[in-house]
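>>> Turn this into a model:
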Amino acid sequence: MTRTAPPPRWRSLLFVPAHVGRFVARAHERGADGVILDLEDAVPAAEKPAARGSLAASIAGIARNGTAAMVRVNHSLRQIGADLEAAVQPGLAALVLPKVEEPGFVREVAEAVTELEAERGLPPGGIRLVLQIETPGAIFGLPAIAAAHPRVAAMTLGPEDYSAAIGGVPGPDALFTPNYAVLCAARAAGILPLGFVGSIGAYDDLDAFAEMARQARRMGFRGALIVHPSQVAPLNEAFAPTPQEIDWARRVVEGDRAARAEGRGAFQLDGRMVDLPVVRRAEEILSLAG
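As a prediction, this is how the structure comes out:
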């Protein structure tokens with residue numbers, strides 16, 4: 001399916017329990033590119049109706065300074081219908097879908113959102129989808145899941161749920177391979193790859209967390225979901241190009257322009273050969289810096 005918009009730039013997406021008003025009230029001040037109002041695991045069953053009732057005001061409050069307001073819905077059929085009815089509001093940037101296992105589920109949610117947008121006079125196609133891969137069965141269908149619908153903007157591995165599902169510990173041994181599979185499927189589909197190889201709850205050692213985020217960027221990821229405000233700054237820094245990278249990328253693009261004007265497809269820069277794949281990497285760095 002043809003995508004209607006390029007992947008967004010979401011370096012940091014911060015989960016906030018949708019039913020805890022004091023957290024929601026300050027969520028837009030945390031510096032995250034997006035705030036995910038969580039209706040799923042973070043909200044007890046008895047609190048879910050009240051959490052849904054506050055969504056319209058919460059979304060408006062988060063979006064008022066340009067932060068992307070998102071809502072993570074529940075996966076179960078009994079819950080997700082009520083979640084969508086409450087979440088599709090003006091200002092909603094995206095829905096986060098947990099435990100995605102097959103593309104049909106993504107398409108069904110996307111069609112329901114299309115109906116709600118039309119009924120409520122919202123811009124068609126404006127609400128994007130972020131997919132969480134949290135079960136081993138989903139790994140075998142990743143390419144089809146990532147390409148399931150033009151609304152899909154990003155995909156990530158849910159490290160805690162996935163590790164529990166395979167009976168493993170959320171560390172590099174259990175998480176590198178599925179993270180890399182998600183990365184490859186997202187890139188192939190032209191959507192934003194989100195994630196890092198580690199536990200989403202690892203914020204006790206921020207230096208180690210920052211290095212984990214830098215490793216993720218070197219792998220090809222472009223952002224991640226997080227659960228604590230202290231993780232925002234290290235994530236934003238890790239997924240932003242450094243001044244040195246930007247300078248290198250500009251010189252690569254300028255050198256490529258000059259080489260092409262002379263009829264050459266490759267040239268040397270800083271003692272290294274530069275050809276089309278290197279130019280593409282430089283162009284992506286400049287797009288991230290823009």
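>>> can you map out the helices along this protein?
21-26, 48-53, 55-63, 77-87, 103-120, 136-139, 142-146, 159-166, 172-189, 206-219, 232-238, 243-261, 276-289 (DSSP state H).
>>> looking at this structure, which residue lies furthest from center?
Computed with C-alpha atoms, centre = their mean, the maximum C-alpha offset from the centroid of the chain is found at Glu262, amounting to 40.7 Å.
>>> residue contacts, that residue?
For Glu262, the contact set (C-beta atoms under 8 Å, 6 or more residues apart in numbering) is empty. Every C-beta, even on glycine, is put in place using the N, C-alpha and C of the backbone.
>>> Check the gap between it and Asp256 for me.
Here Glu262 is placed at a distance of 11 Å from Asp256 (C-beta to C-beta, to the nearest Å).
>>> same thing with Val274?
Note on Val274: its distance to Asp256, by C-beta to C-beta, is 7 Å.
>>> Give me the more crowded residue out of these two.
Asp256 (23 against 20; other C-beta atoms under 10 Å).
>>> how many neighbours does the nearest residue to the more buried one once chain neighbours are set aside have?
Leaving out its chain neighbours, the residue that sits closest to Asp256 by C-beta to C-beta, 6 or more residues apart in numbering is Val279, at 4.7 Å. Residues lying near Val279 (other C-beta under 10 Å) number 21.
>>> and the gap between Val279 and Arg250?
Val279 is 12 Å from Arg250, by C-beta to C-beta.
>>> just Ala185 next, same as before
With C-beta to C-beta as the criterion, Ala185 and Arg250 are 31 Å apart.
>>> Specify which residue of these two has the higher count of neighbours.
Ala185 (22 against 14).
>>> which residues touch the nearest residue to that one once chain neighbours are set aside?
Of all residues not flanking Ala185 in the chain, Leu142 sits nearest, at 3.7 Å (C-beta to C-beta, 6+ apart). Taking C-beta under 8 Å, 6+ apart as the contact definition, Leu142 lies against 133, 155, 181-182, 184-185.
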